Structures are given as structure tokens and as C-alpha cells.
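*Asks:* Quick check, what structure comes out for this input:
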Amino acid sequence: MPLNSVLANDFANRFSVSETNSSDVEPIVKIAKSLGVFTPGELNCLRDDIDAFLSPDGDPDKVYTAKIDGKIAGFIHYGPLPITDRAMMLFWILVAPEFRSTGVAKFLMDMMEQDVRSEDCRILFIETSDNETFEPAKKFYQKNGYKLACVIPDYYEENHDKAVFSKIF
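*Replies:* Below you'll find the predicted structure:
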């Protein structure tokens, strides 16, 4: 996929995206942990999701790792939602702290949207926490055209709601 103009120029020539492989798993989990917003259970879920993708059975999800100078800068995981009419879900999108504000997240989001459009996706969902820690993520989704579809009260635990965003293609 050609590099779009979103990525900061100083990284453009050193940037690559490829399918996530087994050597990427622990560094991705380490990045997620360093963000300080995920619980141990969520970090285990991240690891399990990547392992499921890498298993011999595989799954229909797409899992990509973005690197700058060979160092993991970002990660994205998305895929179809079973028993739906062409609905997909963004499961994970992460950017390493040292690569924030470089355009990595925007590039990965644009790449995903181009891919899901090519697969005739009808609607894409994003689920996230509705607490203030995730405010930057929610603003990023809204800036990229996702609308708040609903808030599920007390989803994660008491007084910890889930926010669901969607975008129709």
C-alpha cells in the first residue's frame, strides 16, 4: 500500500507495514502495557487475539504491525463480525508513545478503511471504554468520521461504561 501524506515526512522513508508475526507479539503487548490504560485481563486478551490470528487454523481477521526503522510504531487488528451482514469491527489500534503525533494511527486507520471498503463492508464498529482515560481515542475516532452509536452503562464494571462508535461505508 502506498504511503499517504498523513505520515510525518521525517518517517515516510523509514516506515513499513506488514502482517503481524510471532516475533511482534511481546513487543506489541509491551507497548499496550506502557500506555497505562489496559488492565492485565485486556493485555491477556490482546495476546490471545494475536495468537489466534497466528494459529495454524487462523481466522478471517487482519492484523498488521507498523514499523519505523524496524521498531514497532503501531498495530491494528480488525475483522468481520460473524452472523452480520457485512459488518466489521476494529478490535485494536495502538501507537507506541514515542511515535504519537506522527500520523501512524491515521495511516493505519486509512489503510483499514480502504481494505474494508474493498471487501464491501457495510458498517464498521469500534468499542472502547467511555472513561476519561480513553478521551483521546474517542476524539480520534470522531475526527475520522465515526459517530457514537451507544453507551452501555456499567459494561466493564460498575461506573465504567462502554462506548460504541460506528461508521457506515
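*Asks:* what's the strand or helix carrying Arg47 in contact with?
*Replies:* Per DSSP states H and E, Arg47 falls inside helix 40-54. Outside helix 40-54, the residues that touch it by C-beta atoms under 8 Å, 6 or more residues apart in numbering are 20-22, 24-25, 28-29, 32-33, 38, 59, 61, 63, 77, 91-92. Where you see a C-beta, it was placed from the backbone N, CA and C, and this is true even at glycine.
*Asks:* Buried only: go through those for me.
*Replies:* Buried members of those, counted by 16 or more other C-beta atoms under 10 Å: Thr20, Asp24, Val25, Ile28, Val29, Ala32, Phe38, Asp61, Val63, His77, Phe91, Trp92.
*Asks:* got the contact list for the first one?
*Replies:* So the one you mean is Thr20. Ile28, Ile50, Phe53, Leu54, Val63, Tyr64, Thr65, Phe75, His77.
*Asks:* please redo it, this time with the cut-off set to 7 Å
*Replies:* Each residue near Thr20 by C-beta atoms under 7 Å, 6 or more residues apart in numbering is listed here: Ile50, Phe53, Val63, Tyr64, Thr65, Phe75.
*Asks:* who wins for neighbours among these?
*Replies:* The most neighbours of any of the contacts of Thr20, using other C-beta atoms under 10 Å, belong to Phe75, which has 26 neighbours.
*Asks:* Neighbours of Tyr155, how many?
*Replies:* 14.
*Asks:* Can you classify Thr128 as helix, strand or coil?
*Replies:* Look at Thr128: counting by DSSP: H, G, I helix; E, B strand; the rest coil, its state is strand.
*Asks:* That one: how many residues sit nearby?
*Replies:* 18.
*Asks:* where exactly do the strands run in this protein?
*Replies:* For the chain, applying DSSP state E gives strands covering 15-19, 62-68, 71-80, 87-95, 123-129, 147-157, 160-168.
*Asks:* if we can go back for a sec, and of the contacts of helix 40-54, the nearest to Leu124?
*Replies:* Phe91 (11.0 Å; C-beta to C-beta).
*Asks:* Isn't the closest one up against Tyr78?
*Replies:* Yes: counting by C-beta atoms under 7 Å, Phe91 does reach Tyr78; the two are 6.1 Å apart.
*Asks:* Chain neighbours aside, what residue packs nearest to Leu148?
*Replies:* Closest residue to Leu148 apart from its sequence neighbours, by C-beta to C-beta, 6 or more residues apart in numbering: Phe165 at 5.8 Å.
*Asks:* and the one you found, how far is that from Leu108?
*Replies:* Distance, Phe165 to Leu108, by C-beta to C-beta, to the nearest Å: 16 Å.
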